[in-house]
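J.: Mind looking at a prediction? Sequence and model below.
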Amino acid sequence: MSILADARALAAQDPVCDACLGRVFADRSHGLTNAERGKSLRVAAALDDDEPYEPVETAECWVCEGRCAEFDEWAERCAAAVEGVEFDTYQVGTRAPPLVEENEMLLRESAGLPEDAGERFKSEYNREVGKRVGRLTDTAVDFGRPDVQFTLDLEGDAVEVDVHSAFVYGRYRKLERDIPQTEWPCNACQGSGYVGKQPCEKCDGTGYLYQDSVEGLTAPVVRDVMDGTDAKFHGAGREDVDARMLGTGRPFVIEVMEPRRRRVDVERLEGDINAFAEGKVEVEGLRLATYEMVERVKGLDASKRYRAEVEFGDAVDDEALADALAELEGATIEQYTPHRVDHRRANLTREREVYAAAGERDDASHATVEIHGEGGLYIKELVSGDEGRTEPSLAGLLGVDAVVTALDVVGVYGEDEDFEDESYFLDGAADGAGDADDAEAVAEGDAETADEVDDADDADDEDDADGADDEDDAGTDGPGVENPEE
């Protein structure tokens, strides 16, 4: 059959509006709306048949039940729903009424056309409402992960809005000891601050074992500046509670949920955080980032450089210390799960490389050593030997007891590439968004409901491989326990 014959067969099931007629031929020609296609075919058929042209009111259409006349209304409702919310990109999805979807099938079936001819009703709705939303809000459609996802529930007569998280990348230095990276709820009261009706004695009723954390000194500031509902801290591993993080700082991302502001001055934000932290923590290099940066920070292989103050059980001379450190440099270390973490880590032997080892004595029984090692190397056990669980060790090579009395992390580096890849920053990422008219390119399967849009939280709960990068000398386990590192 010819296209006009098909159009006649469809139009014969009167009343069928121009949009529903044209939608069956959505794969024909470009630069036309379905309503324009439908009207053109109706006019062409009338001319070919030398019959009067008879338009059909959209409100009377039995296929869409008049909904193809409501594009403007739904776009205006979308714009109103995000009034006061800053965003640059968006996407529109539609939940079509089941009856409309059934009507579409019947229309094609009655005309003897394939069930999948043209495009689906919801695809047209996504595109037509989406174009209008872009014009009303002066924002761009993004078929990947937009700032805002609109879902039109046509049957429920509701616009659902999902304001996706915003992300701020940076590096932090922890300048004081006894500060965990993330908030550490008390395991005696489960973070409530009370045991029964009495204030918890272990945490003095605060609900936290430590009153400060890197998260608590940074994330609330970012949340407030971006006017979000909550914030979550993601770090590239973590140091022990009693270890400082100095030098290069440690990469992190703060995720802000449902932000109303996205276009923030990161230099000013950096100053706000550092003032709030009062010298306990400082941040630098803040940049607005894409959501993929969360997975990068949590998953990129990283080496660490440490500085440890070591105390020996007996006197050690310069030559012996130098020889032992030289033997450790370049060595492959076998570490069976340390005693202090075996209550929550699988018992297995891990192999890690020592890239560099150096140090000097402070006196006969004390030294300061620097170790650069593969991620997941347990430094305290590398020094002490952990009763033979780590081989070789500094203590074993010297033939004396050795213990780390103070530990600092002074460098965190990507093993094969830097953390700071420009493609992960909003001011350096490739532009995946288009203007409102690019919504014409929406494919049939593009985000038809908000349920199909991924959330950054999917990446949030991934643990580091096998718990490596884990050390913690606090023997407390619980929901807020550090996944200790060095």
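T.: Received, thanks.

J.: For residue 75, which non-adjacent residue is closest in space?
T.: Spatially, and ignoring its direct neighbours in sequence, residue 75 is nearest to residue 132 (3.3 Å; C-beta to C-beta, 6 or more residues apart in numbering). Where you see a C-beta, it was placed from the backbone N, CA and C, and this is true even at glycine.

J.: Which residue ranges make up each domain of this structure?
T.: Using automatic domain parsing, the domain ranges for the chain come out as 1-69, 84-164+423-457, 166-290, 302-414.

J.: Would you convert these into TSV that also reports mean pLDDT, distance to residue 78 and mean neighbour count?
T.: As requested, those are arranged in TSV below (pLDDT from 0 to 100; distance: least, C-beta to C-beta, whole Å; neighbours: other C-beta atoms under 10 Å):
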stretch	mean pLDDT	distance to residue 78	mean neighbour count
domain 1-69	95	15	17
domain 84-164+423-457	83	5	18
domain 166-290	96	16	20
domain 302-414	96	41	18
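
J.: could those domains be laid out in TSV, adding distance to residue 77?
T.: Below are these laid out as TSV (distance: least, C-beta to C-beta, whole Å):
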stretch	distance to residue 77
domain 1-69	13
domain 84-164+423-457	5
domain 166-290	19
domain 302-414	45
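
J.: can I assume the residue nearest to residue 75 sits in a helix?
T.: Yes - applying DSSP: H, G, I helix; E, B strand; the rest coil, one finds residue 132 inside a helix.

J.: what's near enough to touch it?
T.: With contacts defined as C-beta atoms under 8 Å, 6 or more residues apart in numbering, residue 132 is in contact with 71, 72, 75, 76, 436.

J.: picking that back up, so for residue 296, which of the domains of the chain sits nearest?
T.: Closest approach to residue 296 among these is made by domain 84-164+423-457 (6.0 Å; C-beta to C-beta).

J.: Do a quick rundown of the helices in this structure.
T.: Ranges of helices within the chain are 3-11, 18-23, 34-49, 71-81, 98-110, 121-137, 214-225, 266-277, 292-299, 318-328, 379-384, 394-398, 457-460, based on DSSP state H.

J.: Which of these sits closest to residue 306?
T.: Taking C-beta to C-beta as the measure, those were each checked against residue 306, and helix 379-384 came out nearest at 5.0 Å.

J.: what's the distance between the residue nearest to residue 75 and residue 335?
T.: Remark: distance between residue 132 and residue 335 (C-beta to C-beta, to the nearest Å) = 60 Å.

J.: same question, residue 234
T.: 26 Å.

J.: closest one to residue 168 among the helices of the chain?
T.: Of all those, helix 214-225 sits nearest to residue 168, with 5.5 Å by C-beta to C-beta.

J.: ok, and what's touching that closest one?
T.: The list of residues contacting helix 214-225 from outside it, by C-beta under 8 Å, 6+ apart, reads 168, 172, 174, 179-183, 228-233, 235, 252, 254, 256, 261, 264, 269, 272-273, 276-277, 280-281, 283.

J.: Inside strands: which ones of these?
T.: Assignment to strands by DSSP state E places the following of the contacts of helix 214-225 there: 168, 172, 174, 230-233, 235, 252, 254, 256, 281, 283.

J.: now, which of those residues sits nearest residue 292?
T.: Where the ones in strands among the contacts of helix 214-225 are concerned, and distances follow C-beta to C-beta, residue 292 has its nearest neighbour in residue 168, at 14.0 Å.

J.: Please name the bridge partners of the closest one.
T.: Judged by DSSP bridges, the bridge partners of residue 168 are residue 254, residue 288.

J.: Pull the most distant pair out of the ones in strands among the contacts of helix 214-225.
T.: The largest separation in the ones in strands among the contacts of helix 214-225, counting by C-beta to C-beta, is between 174 and 230 at 22.7 Å.

J.: wait, what's in contact with the closest residue to residue 230 other than its chain neighbours?
T.: For residue 230, ignoring the flanking residues on the chain, the nearest one in space by C-beta to C-beta, 6+ apart is residue 257 at 4.5 Å. The contact partners of residue 257, taken as C-beta under 8 Å, 6+ apart, are 165, 228, 229, 230, 231, 232.

J.: Check those and tell me the two furthest apart.
T.: Within the contacts of residue 257, two members stand farthest from each other by C-beta to C-beta: 229 and 232, at 11.2 Å.

J.: quick revisit: how far away is the residue nearest to residue 230 from residue 165?
T.: Using C-beta to C-beta, one obtains 5 Å as the distance from residue 257 to residue 165.

J.: With residue 154 instead?
T.: When C-beta to C-beta is the yardstick, residue 154 and residue 165 sit 27 Å from each other.

J.: Alright, that wraps it up for me.
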